[in-house]
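Student: Output the structure for:
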Amino acid sequence: MPLSPNIIDTLPEDVLTITGVLVMLIEAVLKPGTSRKPLGWLAILGTIASGAAALYQLQYGTLQAFSGTLQIDAFSVFFHVLIAAVVLVTLLGSLDYFEGNATHAGEYFALTLFGAVGMMLMTCSVELLMVFIGLEISSISTYIMAGFRKGQATGSEASIKYFLLGSFATAFFLYGIALAFGATGSTSIAAIAAGLGTSTTPLMAFVALAMIVIGLGFKVSAAPFHVWTPDVYQGAPAPVVGLMSTAPKAAAFAVLLRITFSGFAGMESRWAMLIGAIAVLSMTIGNLGALLQKDVKRMLAYSSIAHAGYLLVAFTAFPQDGIAAACFYTAAYAAMNVGAFAVITQVSGYDETSRSADDFTGLALRRPVMAALLTFFLLSLIGIPFTGGFFGKFYVFSAAINSGHIWIAIIGLANSGFACFYYLRLIAALYTRSLKDVTAQGLDITPQRAFLSVPAGIGLTLAAAATLILGILPGRVLSLAQRAGASTLIPVEKAAMPAPSIETK
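Tutor: Got it, this is the predicted structure:
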């Protein structure tokens, strides 16, 4: 029996919501001390089903739901699958993370799924108020997860800082929505695009967009809205950081792409300069800040600020090239960053015994596979050829150059060179024998047979394979990104008729 259109329109979100509710209900009846790992497996199955449901939607072309507030097209499907993939790797890597350490692990699995629901709603929303609803669903889940290690003072501090500053940024986003309504008479992205041509208050419209950019800039850790990032990354559990540094950012960038290139396309000459300035600030502040860090998670926090700047460079390019480059870079960054934090999760454990670069010194002697994987992900973050990070930066900078913004591409390349110092410094530490190993007499430094669970191994393999495939065979994903970019540039009014299914030539 065929599914009704209403179910098809929100099928990935429905699957995740039902799975999350089931996890919560089962968690409530489990006895204290009982393993919560089966709940994790249930969450993993729900995530896989959600990703499959997103791919299933492709055969229906472009769909609209809830009076046109949601638009399901190639663009939203691209990000739905990406978010599902990030959540899958996160769940696989953290399946044993809470085992024996926390009795509330079931809540973690449920919050992860509910957060993903909000992220997916953001990527398919073409109405700013619906974007806000998705943003809040995602944010509330990540606020709680940031302080999930209840016995750690740094975890509580991270959660409080994230919540307070996140609430402040949300206010900017809401003010932006209100001003957009005042300038154009609507909060629909398509209606805003049409209303800009006849608006008598263009300055108000630009201020509205600027406030929206501030609100979303917080979510993507772009400078100067990045002050929460190092402290929250340092205090939050490693698997949570891996998730919050990738999936929510992907959703926020998807929203920003729709709003700028579709809703405010008529003001591109203005907002391109604004976002270009934010990109330069993010790249520079992020890389300079990372150079000064000894804590690995704080270093990767500043690194994420820099990478947000690299991605924002794509917003200065021509629409279709810029959207495709941004989509590809988002996928590449998600693969390599979630992989890096998955390695840190396995090396540090629940108590995070390995925090500073010194703690990672000589890791190749103790756990050579983990050291090799972390090295691979760090090389991709640098942008070394044959990795996803290389082609991600290549497409972004090429798009900027083709649109005439050579200056920002040069600044981006220079920042990529600066980034080599702190990434290579950590890589060198991995393969350097620690002072303790050198001075101790008769110390056995043979490789350890450290336990790595099968789910964690699968998650790391998926992240490494995605990073490698995006580096050696990027054409397929780039083609999908280009089709996604073309679909989001189609006015919403024209999306009522079903579009043909997406096929890659």
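
Student: quick one: average pLDDT of the helix or strand where Leu424 lies?
Tutor: Under the criterion of DSSP states H and E, Leu424 resides in helix 406-430. For helix 406-430, the mean per-residue pLDDT is 95.

Student: swap in stretch 170-180?
Tutor: Mean predicted confidence for stretch 170-180 is 95.

Student: Of all the residues in that stretch, which ones are buried?
Tutor: By 16 or more other CB atoms under 10 Å, the buried positions in stretch 170-180 come out as Thr170, Phe172, Phe173, Leu174, Tyr175, Gly176, Ile177, Leu179, Ala180. No exception for glycine: its C-beta is placed from N, CA and C like everyone else's.

Student: In contact with Phe390, which residues?
Tutor: Ser380, Gly383, Ile384, Gly471 (CB atoms under 8 Å, 6 or more residues apart in numbering).

Student: quick one: what helix or strand has it in it?
Tutor: Applying DSSP H and E, one finds Phe390 within helix 388-402.

Student: Pull out the buried residues from that helix.
Tutor: 388-400.

Student: Equivalent analysis for stretch 419-430, please.
Tutor: Buried residues in stretch 419-430, counting neighbours by 16+ other CB under 10 Å, are found at Ala419, Tyr422, Tyr423, Leu426, Ile427, Ala429, Leu430.

Student: How much space separates the fifth one from Met370?
Tutor: Spelled out, that is Ile427. Applying CB to CB, to the nearest Å, the value for Ile427 to Met370 is 13 Å.

Student: Which secondary structure element is home to the closest residue to Phe173 other than its chain neighbours?
Tutor: Closest residue to Phe173 apart from its sequence neighbours, by CB to CB, 6 or more residues apart in numbering: Gly215 at 2.8 Å. Using DSSP H and E, Gly215 sits in helix 202-219.

Student: Can I get that helix in CSV, CA atoms only?
Tutor: C-alpha atoms of helix 202-219 as CSV (Å, rounded to 0.1, in the frame of the first residue of the first chain):
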residue,chain,number,x,y,z
PRO,A,202,15.7,48.0,1.7
LEU,A,203,17.9,49.0,4.6
MET,A,204,15.6,47.2,7.0
ALA,A,205,15.8,44.1,4.8
PHE,A,206,19.6,44.2,4.9
VAL,A,207,19.6,44.7,8.7
ALA,A,208,17.2,41.7,8.9
LEU,A,209,19.6,39.6,6.9
ALA,A,210,22.6,40.8,9.0
MET,A,211,20.8,39.7,12.2
ILE,A,212,19.9,36.3,10.7
VAL,A,213,23.6,35.9,9.8
ILE,A,214,24.6,36.7,13.3
GLY,A,215,22.2,34.1,14.7
LEU,A,216,23.4,31.4,12.3
GLY,A,217,27.0,32.5,12.6
PHE,A,218,26.8,31.4,16.3
LYS,A,219,25.7,27.9,15.2
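
Student: moving C-terminal of that helix, what's the next helix or strand?
Tutor: Using DSSP H and E, the next helix or strand after helix 202-219 towards the C-terminus is helix 229-235.

Student: what mean pLDDT does that next one have?
Tutor: 93.

Student: Identify the residues contacting that helix?
Tutor: 146-147, 152, 154-159, 161-162, 221, 241, 244-245, 289, 293, 295, 297-298, 300-302, 304-305.

Student: Quick one, which of these are buried?
Tutor: Judged by 16+ other CB under 10 Å, buried ones among the contacts of helix 229-235: 146-147, 152, 155, 157-159, 161-162, 221, 241, 244-245, 289, 293, 297-298, 300-302, 304-305.

Student: Narrow the residues you listed to those in helices?
Tutor: 146, 155, 157-159, 161-162, 241, 244, 289, 297-298, 300-302, 304-305 (DSSP state H).

Student: what's Thr123 in contact with, if anything?
Tutor: Per CB under 8 Å, 6+ apart, neighbours of Thr123: Phe75, Ser76, Phe79, His80, Ile83, Ala250, Ala251, Ala254, Val255.

Student: hmm, back to that, what count of nearby residues applies to the residue nearest to Phe173?
Tutor: 26 (other CB atoms under 10 Å).

Student: next one: Leu55
Tutor: With other CB under 10 Å as criterion, Leu55 counts 13.

Student: helices or strands up against the one helix or strand it maps to?
Tutor: In the assignment (DSSP H and E), Leu55 maps to helix 37-56. If contacts are counted by 3 or more CB pairs under 8 Å, 6 or more residues apart in numbering; DSSP states H and E, helix 37-56 sits against helix 11-29, helix 74-93, helix 105-124.

Student: With respect to Thr488, which of those lies nearest?
Tutor: Proximity to Thr488 (CB to CB) singles out helix 74-93 among the helices and strands packed on helix 37-56, at 4.0 Å.

Student: other SSEs contacting the helix or strand where Ala484 lies?
Tutor: For Ala484, the enclosing helix or strand under DSSP H and E is helix 475-488. With contacts taken as 3+ CB pairs under 8 Å, 6+ apart, helix 475-488 sits against helix 74-93, helix 319-348.

Student: Kindly reformat those as a markdown table containing mean neighbour count, mean pLDDT and distance to Phe225.
Tutor: As requested, the helices and strands packed on helix 475-488 are arranged in a markdown table below (neighbours: other CB atoms under 10 Å; pLDDT from 0 to 100; distance: least, CB to CB, whole Å):
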| stretch | mean neighbour count | mean pLDDT | distance to Phe225 |
| --- | --- | --- | --- |
| helix 74-93 | 27 | 96 | 21 |
| helix 319-348 | 26 | 95 | 18 |
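
Student: out of these, which comes closest to Ile192?
Tutor: When the helices and strands packed on helix 475-488 are compared by CB to CB, helix 319-348 sits nearest Ile192, at 16.0 Å.

Student: Can you give the distance from that closest one to the centre of its chain?
Tutor: Centre-to-centre, helix 319-348 and its host chain are 7 Å apart (CA atoms, centre = their mean, to the nearest Å).

Student: Can you name every helix or strand that the helix or strand that it is followed by contacts?
Tutor: Downstream of helix 319-348, the next assigned helix or strand under DSSP H and E is helix 363-366. Under the contact definition 3+ CB pairs under 8 Å, 6+ apart, helix 363-366 sits against helix 368-382, helix 406-430.

Student: Can you spell out which helices and strands pack onto the first one?
Tutor: Using 3+ CB pairs under 8 Å, 6+ apart as the contact criterion, the elements in contact with helix 368-382 are helix 319-348, helix 363-366, helix 388-402, helix 406-430, helix 454-472.

Student: tell me how far stretch 19-38 is from the chain's mean position?
Tutor: 27 Å.

Student: what's it in contact with?
Tutor: Stretch 19-38 is contacted from outside by 39, 42-43, 45-47, 49-50, 95-96, 98-99, 103, 105-107, 109-110, 113-114, 117, using CB under 8 Å, 6+ apart.

Student: now the residues you listed: which count as buried?
Tutor: 39, 42-43, 46-47, 49-50, 95-96, 98, 105-107, 109-110, 113-114, 117.

Student: gap between Lys150 and Val23?
Tutor: When Lys150 is compared with Val23 (using CB to CB), they lie 19 Å apart.

Student: for Ala247, same thing?
Tutor: Taking CB to CB, one finds Ala247 at 18 Å from Val23.

Student: On the three-state scheme, Leu312 is what?
Tutor: Secondary structure for Leu312, judged by DSSP: H, G, I helix; E, B strand; the rest coil, is helix.
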